[in-house]
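> Mind folding the following:
(chains A and B)
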Amino acid sequence: MQPITDNDLILYFYRDGLEKQRIDEIDDAMFASPPLRQRYMALKRMLTNVDGAAIEPDPEFTDRIWRKLASQIDAKPVHRMRRRVFTPVRFAMAASVLLAVAAGIGYYAGRTSAPQNAMASRVLDAYVADHLRATEGLLLTASNSNSSEVLAGNRELAQSLVQSNRLYALAAVRAGNTRLADFLRQLEPVLLDLANQPADASIQSMDGLRDYLRKTDLLFEVRATQARLDTADKHKI
Amino acid sequence: MATDEERWVQLARQGDREAFRCLVEAHARPLFVLCSRITRDAAMAEDAVQEALLNAYRHLADFDGRSSFKTWLHRIAVNAALEQIRRQGKFDYVENDSEEDSDFLERCMDETPSPRHHAQGEEIRRNIDRELERMTALERSAFLLRHVEGHSIDDISQTLSLNISACKQAIFRAVRKLRGALQPLR
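You can find the predicted model right below:
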């Protein structure tokens, strides 16, 4: 039997993340070994102490939240029955049309007056937010899937996103949004990496990418930027 | 037969404002508690709940019913809370996953808690609070979702966009850091 580590005991405590056979092994070992029981009791005591008081909201909290929400909802009604049809090919076709528009927006924003500029910037934000949503999906798939078919589809999507990413970065520069442009440029190496994964990419090469995504928090940055653009778009309306 | 919540969700998806209000009333306070545990700050938690509920409303069409509405909402709220932390510049990622700590339980395995330990309960709680503060947002979120909210590791990994192994590691690191809460009292 493999030695029982603290990590095993943590998963055992939650009865989650361990094979049934491993749980049975730990059960047996726990019965036979007083020191192991002591280690487990130490863990239980420690975790029991965490269940302390949380911050409770004040009595007006729900009303306050609803009042703000109601005004936001009235400003932007729900998208009813929105269909998600999102394949790499469709995305590439749509992207080519959108890119032409976005590039034009960047050019337009660089040459026009403040109100027109604000409008162009709002449209650009909306396009880039959609682009980041697609990028987020791509990164999530790359992080979590080992299926060769799914990864092949991901590669095609990455290839189309590389081009759009460059053009959106250019459009952002033209619109004077250097922060967004810089962020999009940061994305490019990862997109290129995914776009150029060989068809027989080894698990190790995908693991390298996964580690990179985890360590850099890139996914969270993509989401944060996307949320910021969505919020900016909402405030500008 | 559909529950009240399922009916509210169905109606809210069709744009029924009052149905969505019922959902807000049912979930806002538990969401606040969840977000405040992650952000450690009441104002940030309130902003996170506000943003989460608005996002939920705007993306109701994407809710496919595979998970419960509560789980779906929790996912959105956890990400909104993490986003608040990021906006405040408090988001940190510390990679300290060394194996040197792997037998830390061995070093804190007293027999049964002594009366002195019971008397020190308040101090332990304060220490735990401090250790929770010291965790990275990801570690704290993963740990609290597993320990307090009772979500499965599988579910948490989806919520936090981590693979299963990274999710487990985040929980392991969080538990190791909690060791510090008990150390001075042994």
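> Residue A:154 contacts residue A:141, doesn't it?
Yes. Counting by Cβ atoms under 8 Å, residue A:154 sits close enough to residue A:141 to count as a contact (4.9 Å). C-betas here are computed from N, CA, C, even on glycine.
> And for residue A:31, the neighbour number?
Residue A:31: 10 surrounding residues under other Cβ atoms under 10 Å in any protein chain shown.
> List the contacts of whichever strand or helix holds it.
According to DSSP states H and E, residue A:31 maps onto helix A:20-32. Outside helix A:20-32, the residues that touch it by Cβ atoms under 8 Å, 6 or more residues apart in numbering or on different chains are A:1, A:4, A:8, A:9, A:12, A:15, A:18, A:36, A:37, A:40.
> ok, now stretch A:181-198?
Contacts of stretch A:181-198 (Cβ under 8 Å, 6+ apart): A:128, A:135, A:138-139, A:142, A:151, A:154-155, A:158-159, A:161-162, A:165-166, A:168-170, A:172-173, A:205-206, A:209, A:212-213, A:218, A:221-222, A:225.
> Averaged pLDDT, it. What do you get?
For stretch A:181-198, the mean per-residue pLDDT is 82.
> where does that stretch sit relative to the chain's centre, distance-wise?
15 Å (Cα atoms, centre = their mean, to the nearest Å).
> Now that stretch: buried residues?
For stretch A:181-198, the neighbour count (16 or more other Cβ atoms under 10 Å in any protein chain shown) marks A:181, A:183, A:184, A:187, A:190, A:191, A:194, A:195, A:197 as buried.
> And chain B, split by domain according to the record?
B:4-87, B:110-185 (automatic domain parsing).
> er, chain A actually
A:6-48, A:85-236.
> and those as JSON lines, adding distance to residue B:10?
Shown next, in JSON lines, are the domains of chain A (distance: least, Cβ to Cβ, whole Å):
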{"stretch": "domain A:6-48", "distance to residue B:10": "32"}
{"stretch": "domain A:85-236", "distance to residue B:10": "23"}
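> Out of these, which gets the lowest mean score?
domain A:85-236 (a mean of 73).
> could you pull out the helices for chain A?
A:6-14, A:20-32, A:34-48, A:61-75, A:88-111, A:114-144, A:148-174, A:178-195, A:203-216, A:218-236 (DSSP state H).
> what about residue A:10, neighbour count?
25.
> Surely it touches residue A:43?
Yes. With contact defined as Cβ under 8 Å, residue A:10 and residue A:43 form a contacting pair (6.7 Å).
> hey, what's in contact with both of the two?
Counting by Cβ under 8 Å, 6+ apart, the shared contacts of residue A:10 and residue A:43 are residue B:175.
> Provide the backbone phi and psi angles at residue 16.
No chain in the question, so chain A it is. phi -150, psi 140 (degrees, to the nearest 10).
> Actually, chain B is the one I wanted.
phi -80, psi 110.
> Could you check how many residues crowd around it?
For residue B:16, the count of nearby residues is 15 (other Cβ under 10 Å).
> give the contact list for the nearest residue in space to residue B:86 that is not next to it in sequence.
Setting aside the residues directly before and after it, residue B:86 is nearest to residue A:224 in space (Cβ to Cβ, 6 or more residues apart in numbering or on different chains), at 5.1 Å. Counting by Cβ under 8 Å, 6+ apart, residue A:224 touches B:83, B:86, B:87.
> Pick the most deeply packed of the domains of chain A.
Mean neighbour count (mean count of other Cβ atoms under 10 Å in any protein chain shown) peaks for domain A:85-236 among the domains of chain A, with a mean of 17.
> for chain B, what helix or strand is lowest in average pLDDT?
helix B:115-119 (a mean of 54; mean pLDDT, DSSP states H and E).
> who's in contact with residue A:166?
By Cβ under 8 Å, 6+ apart, the contact set of residue A:166 is residue A:188.
> I'd like the distance between it and residue B:84.
Computed as Cβ to Cβ, to the nearest Å, the residue A:166 to residue B:84 distance reads 31 Å.
> likewise residue B:54?
Residue B:54 is 14 Å from residue B:84, where distance means Cβ to Cβ.
> Of those two, which one has the most company?
A count of neighbours by other Cβ under 10 Å puts residue B:84 above the other of residue B:54 and residue B:84, at 25 against 21.
> Secondary structure element holding that one?
helix B:69-87.
> So which elements touch that helix?
Packing partners of helix B:69-87 (3 or more Cβ pairs under 8 Å, 6 or more residues apart in numbering or on different chains; DSSP states H and E): helix A:218-236, helix B:4-13, helix B:17-39, helix B:42-58, helix B:137-147, helix B:153-159.
> what's the most buried one of the ones you listed?
Comparing the helices and strands packed on helix B:69-87 by mean neighbour count (mean count of other Cβ under 10 Å), helix B:137-147 ranks first with a mean of 25.
> For it, which helices and strands make contact with it?
Right, helix B:137-147 is packed against helix B:17-39, helix B:69-87, helix B:153-159, helix B:164-182 by 3+ Cβ pairs under 8 Å, 6+ apart.
> Can you add mean pLDDT and give the ones you listed back as CSV?
Formatted as CSV, the helices and strands packed on helix B:137-147 follow (pLDDT from 0 to 100):
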stretch, mean pLDDT
helix B:17-39, 92
helix B:69-87, 87
helix B:153-159, 89
helix B:164-182, 86
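> Pipe the ones you listed into CSV and attach distance to residue B:47 per row.
Putting these into CSV (distance: least, Cβ to Cβ, whole Å) gives the following:
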stretch, distance to residue B:47
helix B:17-39, 9
helix B:69-87, 6
helix B:153-159, 19
helix B:164-182, 24
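> just to revisit the earlier point, what's the angle from the helix holding residue B:84 to helix A:218-236?
90 degrees (axes from the mean of the first three to the mean of the last three Cα atoms, to 10 degrees).
> Name the residues that touch helix B:69-87?
A:220, A:223-224, A:227, B:5-6, B:9, B:23, B:27, B:31, B:34-35, B:38-39, B:44-45, B:47-49, B:51-52, B:55-56, B:59, B:63, B:91, B:137-138, B:141, B:145, B:149, B:151, B:155, B:158-160.
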